[in-house]
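1. how would this look folded up:
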Amino acid sequence: MKNYVVDASVILKWVVGNERESDYEKAMAILETWTGGDIELSAPILWQYEVGNFLCRSLQDEAMDKMNLLLNLNIRNVALTNDMINRCFSWMRQKKVTFYDASYLAVAFEIKGTLITADEKFTDEMGKTNRICLLKNLDPGS
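-> As a prediction, the model looks like this:
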């Protein structure tokens with residue numbers, strides 16, 4: 001079974017996206033494939049803070065309902081180990097990325113999975129690695 005890590009940019013599309021938003025269908029296909037039991041989904045616990053922050057700032061009246069929907073999905077939360085933190089620090093120094101973004105990729109490396117993100121800037125900053133897939137480039141059948 002394939003292991004994927006999803007970041008806040010993908011998770012948010014599940015509850016605030018619509019058909020007009022770029023890559024909405026691809027984000028929904030990931031969710032449907034996962035709920036069908038065909039892939040594993042993980043994320044660092046950080047996703048809850050990033051998504052919660054966005055929801056409350058942008059959709060105050062709906063924030064709690066949408067957050068509960070996401071929490072009830074039971075995405076596998078992965079705590080960062082010392083090795084993962086060191087990897088994040090290294091990327092921060094070398095690639096000039098944030099710890100937040102690096103933590104999602106560190107989880108992908110740890111579980112031997114692929115990070116799926118809609119964050120094109122981050123994927124560009126990290127350069128070529130087989131551990132990141134930009135959502136817009138995702139082949140739904142893979």
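2. pLDDT below threshold where in this structure?
-> Regions of the chain meeting the criterion pLDDT under 70 cover residues 19-20, 140-142.
3. all the strands of it, residue numbers only.
-> Counting by DSSP state E, one finds strands in the chain at the ranges 2-6, 39-44, 76-78, 114-117, 132-134.
4. what lines up beside the longest one in the sheet?
-> Spelled out, it's strand 39-44. Applying DSSP bridges, strand 39-44 is found paired with strand 2-6 (parallel), strand 76-78 (parallel).
5. most tightly packed of those?
-> Mean neighbour count (mean count of other Cβ atoms under 10 Å) peaks for strand 2-6 among these, with a mean of 21. Where C-beta positions appear, they are placed from N, C-alpha and C, glycine not excepted.
6. so which residues make contact with that strand?
-> The contact list for strand 2-6, computed with Cβ atoms under 8 Å, 6 or more residues apart in numbering, reads 30, 34, 38-43, 47, 75, 78, 104-105, 107-108, 111-117.
7. from Leu55, how far out is the closest residue to Glu120 other than its chain neighbours?
-> Of all residues not flanking Glu120 in the chain, Leu134 sits nearest, at 6.1 Å (Cβ to Cβ, 6 or more residues apart in numbering). When distance is defined by Cβ to Cβ, to the nearest Å, Leu134 is 24 Å away from Leu55.
8. of the two, who's got more company?
-> Leu55 (20 against 16; other Cβ atoms under 10 Å).
9. make sure that one is actually in contact with Asp65.
-> No - judged on Cβ atoms under 8 Å, Leu55 makes no contact with Asp65 at a distance of 9.3 Å.
10. ok, Lys136 - contacts?
-> Applying Cβ under 8 Å, 6+ apart, we find Lys136 in contact with 22-23, 26, 118, 120.
11. swap in 6 Å and give it another go.
-> Residues in contact with Lys136 (Cβ atoms under 6 Å, 6 or more residues apart in numbering) are Asp23.
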